[in-house]
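>>> Attaching a predicted model along with its sequence, questions to come.
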Amino acid sequence: MSDVSDGVASRVDCHTKVLNEAVIERATEAGLDAIVYAPHFRRLPEIREIAARYSTEELLVIPAREVFTGTWTDRKHVLALGLEEPVPDFISLEAAMAEFDRQDATVLVPHPEFATVSLTAADLYRYEGTIDSIEIFNPKHLPHHNRQARELATELEYPPFTSSYAHLPRSIGSAYTVFERAIETEQDLLDAFDDGVSRRVVYKNGLRRWRTTANELLHLGYENTWEKADRLFLSGTEPTHPDHIAYDGRFDDAAVY
């Protein structure tokens, strides 16, 4: 595990799913300077409001959207920061990437090549002009998943990042990215990614790491049930469904449901 070197540096958990007082407490105790909050199936204005509410003098909470592109059985997750306008879930990958380009968003790839929820190596090649960074360590992964992600980042020359990918508060602090720059605002983080600022991934090994992996994988099993899929977002009325009135029909042609 690495640690912060001398000089200006910031510890950032680049992707969390959960945000409450326990998360803030754990993140502060872990010495994090910022966390990126990107919950499932919430619209950007709500995420921004929640992030602002939980930010403190010690910990910056940065809003983001992990967009679910494609169908439920073949979805590809893409993490977008710096969005000015909302982007729905369950549109094609091509449409999502085009919208990120239009908004000049900072685009991160979580858990590449993982199961049926990730961008593939072919996708990483295709969208190299849009993608800013790919995740090379995820606590939910087994060792061969993380090894594959590192190899992809090296081969394609993508700057790396890591995150706790926490769906559970106890996972906060298990992994984070150290940027050799002060991160005090949302724009600071966007600039750090866009400028390719020097960074390194930090993660915990040992019993805690494997306990985190086991707990998060159990949660993943619950999350990926068809019952939850049907209940949450296939009726067309949920906040991030492309048919929702909030998107004013802009994504009708790109919707997969």
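Yep, that arrived. Numbering: from 1, shown residues only.

>>> residues near the closest residue to R199 other than its chain neighbours, how many?
Closest residue to R199 in three dimensions, ignoring its sequence neighbours and counting by Cβ to Cβ, 6 or more residues apart in numbering: F179, at 4.8 Å. C-betas here are computed from N, CA, C, even on glycine. Other residues within reach of F179, judged by other Cβ atoms under 10 Å, total 25.

>>> Can you name the residues that contact F179?
Taking Cβ atoms under 8 Å, 6 or more residues apart in numbering as the contact definition, F179 lies against A9, S10, V12, L189, A192, V197, S198, R199.

>>> Out of those, who's the most crowded?
When the contacts of F179 are compared by neighbour count (other Cβ under 10 Å), L189 ends up highest, at 27 neighbours.

>>> So for stretch 54-71, what gets flagged as buried?
Using 16 or more other Cβ atoms under 10 Å as the test for burial, stretch 54-71 gives 54-55, 59-70.

>>> Which of these fall within strands?
Among the buried residues of stretch 54-71, DSSP state E puts L60, V61, I62, P63, A64, R65, E66, V67, F68, T69 in strands.

>>> What's the per-residue pLDDT of the residue nearest to the fifth one when sequence neighbours are not counted here?
Spelled out, that is A64. Beyond its immediate neighbours in the sequence, the residue positioned closest to A64 (Cβ to Cβ, 6+ apart) is A38, lying 4.0 Å away. Here, the pLDDT recorded for A38 equals 98.

>>> Then F114?
Looking at F114, its pLDDT reads 85.

>>> I'd like the distance from the closest residue to it other than its chain neighbours to V117, if you could.
Nearest-residue entry for F114: H145, 5.7 Å, with adjacent residues in sequence omitted and distances by Cβ to Cβ, 6+ apart. To V117, H145 is 12 Å away according to Cβ to Cβ, to the nearest Å.
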